[in-house]
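In: Model the following, please.
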Amino acid sequence: MDPHLLTTFVTVARHGSFSAAAAELGYTQSAISQQIAALEADLGLPLLSRRPVEPTEAGRRLLEHAGPLLLRLRAARADVLRAAAQPRHRLRLAASPLAINPLLAARLARARAAQPRLEVTLHTCGRDEVTAKIAEGEADLGLADGIAAPSDPLRLPDAGPMTAAGAAEEELVVALPADHPLAGRSALRLADLVDARWLQTPLCPLARLRDLVGEGFPVGLDYRGDDVHTVVNLVAAGHGLTLLPASALPARSPHSAPACGVSLASPRLVHRVELLHGALPLGPAADLAQALSV
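Out: Predicted coordinates for the structure are as follows:
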C-alpha cells in the first residue's frame, strides 16, 4: 500500500469529509477522491461509504493498522536523520504530566548546571504522545510515567527502535479528601476500595486498576484533563479517589490540606518513570540522557 494513499484515507476517515481532508492535506477534493479510489482499487474493497462519509467494515480494519504503520514510517525517517545529526545544545524534552517528579527535576537542574550552554525546552503531553514524539523526531528525549509492578517496564506503544530505561520509581498512594474516614490509616488495600467512587483520569486509568484487581471501581467523575492540581481539588471535594505518586501529595496531611495520600499496601505497585530516546550522537543529548537515567 502506498503510504501517501494511506495517509489520505486516515485523514478522510478522521474528518468524515473529503473536503476537510483536502483542506488539511493541500489537495483538491477531486484529487482526494482519486486517491481513495486508487487505494480501494489496490485492495479490491470499498473502504469508505460516501453518504455519510464513514469507514466500511474493511475500512475500520484498515484504520486499526494504519496508525501504527504510518508511525513506524515516520519513526524510520526520524531515526535515519538522528543517526546523521550533529551534537547540539538546544534539546527538546517531552514528558507526561507526572513524569517530572522532584528527583528528576533535581537531576535536570544538575545536568544544566554541568552544561552551561545547554538549552532545554520541556513539553508535557500524554504518555503515548511522548513515545510518538521521540519516534517522529519531534523530541530528543522523553520521560513517560505510569503504574507498574516494581522493576517492571511500562507498557508503551510499539513505535520502532527506541531505548527505554528506568529513570525513577516511587511509592503510589491512594488520594483521599483530608477529612475522609480512611485518611488516618497507615495503608490501604486496593481490593478494599473496589466499591468506592473513583476519578476516571488519564493520570490513573481505571481500566488498569481493573486489570490488576478485577471489576469494580465505579466512576465518580470522568476528568479528561491531566492537571494534577485539578485532580487533587476534585479528590478533596469528594468526586472520587485516585492513585498518585507519593511526591504529589503529603502523607496523612492535616485538615488544612485539601487532600492527603495513604500508602498502598497491596498489590505492590509503583509509579514508574522511563527515559525514552532514539539513537543519540555523542554530546549534550547523550550526556543529558545519562544524567536523567542515573
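In: And the helices in the stretch 1-150 of the chain, which stretches?
Out: All helices of the stretch 1-150 of the chain, identified by DSSP state H, counting those that start in this stretch, fall at 3-15, 18-25, 29-43, 57-83, 102-114, 127-135.
In: sorry, that was for the stretch 151-294 of the chain
Out: Secondary structure of the stretch 151-294 of the chain by DSSP H, counting those that start in this stretch: the helices cover 206-213, 228-236, 284-293.
In: Could you check these and tell me which one is nearest Arg77?
Out: Among these, the nearest to Arg77 by CB to CB is helix 284-293 (18.3 Å). From N, CA and C alone the C-beta is placed, and that goes for glycine too.
In: Contacts made by that closest one with the rest, please.
Out: 87-89, 91, 93, 104, 107-108, 110-111, 114-115, 117-118, 120, 140-141, 143, 165-167, 275, 277, 280 (CB atoms under 8 Å, 6 or more residues apart in numbering).
In: looking at the helices of the stretch 151-294 of the chain, which is closest to Leu269?
Out: Of all those, helix 206-213 sits nearest to Leu269, with 7.3 Å by CB to CB.
In: Which neighbouring elements make contact with the lowest-mean-pLDDT helix or strand in the chain?
Out: Within the chain, confidence by mean pLDDT, DSSP states H and E is lowest for helix 57-83 among all helices and strands, at a mean of 79. The elements that helix 57-83 packs onto, with contact taken as 3 or more CB pairs under 8 Å, 6 or more residues apart in numbering; DSSP states H and E, are helix 3-15, helix 127-135.
In: at 10 Å instead, please
Out: Packed against helix 57-83 by the contact rule (3 or more CB pairs under 10 Å, 6 or more residues apart in numbering; DSSP states H and E) you find helix 3-15, helix 29-43, strand 48-50, strand 53-55, helix 127-135.
In: Show me which residues of that helix are buried.
Out: 59, 62-63, 66, 71, 74-75, 78-79, 82 (16 or more other CB atoms under 10 Å).
In: and that helix with helix 127-135, angle?
Out: On the basis of axes from the mean of the first three to the mean of the last three CA atoms, to 10 degrees, helix 57-83 is oriented at 50 degrees to helix 127-135.
In: Stretch 117-126: how far from the chain's middle?
Out: Remark: stretch 117-126 is offset 16 Å from the chain centroid, using CA atoms, centre = their mean, to the nearest Å.
In: which parts of it are buried?
Out: Residues 118, 120, 124-125 are the ones in stretch 117-126 that count as buried (16+ other CB under 10 Å).
In: Most widely separated two among those?
Out: Leu118 and Cys125 (21.6 Å).
In: would you list the helices of the stretch 151-294 of the chain in TSV and tack on mean pLDDT?
Out: As requested, these are exported to TSV (pLDDT from 0 to 100):
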stretch	mean pLDDT
helix 206-213	89
helix 228-236	94
helix 284-293	91
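In: The ones you listed: which one's closest to Leu188?
Out: helix 206-213 (12.4 Å).
In: in the closest one, what's buried?
Out: Residues of helix 206-213 classed as buried: 206, 208-209, 213 (neighbour count, 16+ other CB under 10 Å).
In: quick revisit: just the helices and strands packed on helix 57-83: most buried one?
Out: Across the helices and strands packed on helix 57-83, averaging neighbours per residue (mean count of other CB atoms under 10 Å) puts helix 127-135 on top, at a mean of 24.
In: Packing partners of it?
Out: helix 57-83, strand 90-95, strand 119-124, strand 141-148, strand 163-177, strand 270-277.
In: 6 Å - rerun?
Out: strand 141-148 (3 or more CB pairs under 6 Å, 6 or more residues apart in numbering; DSSP states H and E).
In: Mind listing the strands the strand it packs on pairs with, and their directions?
Out: If you go by DSSP bridges, strand 141-148 pairs up with strand 90-95 (parallel), strand 270-277 (antiparallel).
In: Output it as PDB, restricted to C-alpha atoms.
Out: Extracted C-alpha coordinates of strand 141-148, given in PDB (Å, rounded to 0.1, in the frame of the first residue of the first chain):
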ATOM      1  CA  LEU A 141      14.400  12.800  24.900                       C
ATOM      2  CA  GLY A 142      11.200  11.700  26.600                       C
ATOM      3  CA  LEU A 143      10.000  10.900  30.100                       C
ATOM      4  CA  ALA A 144       6.900   8.700  30.300                       C
ATOM      5  CA  ASP A 145       5.300   7.600  33.500                       C
ATOM      6  CA  GLY A 146       2.700   5.000  34.500                       C
ATOM      7  CA  ILE A 147       1.600   2.400  37.000                       C
ATOM      8  CA  ALA A 148       3.700  -0.800  37.100                       C
END
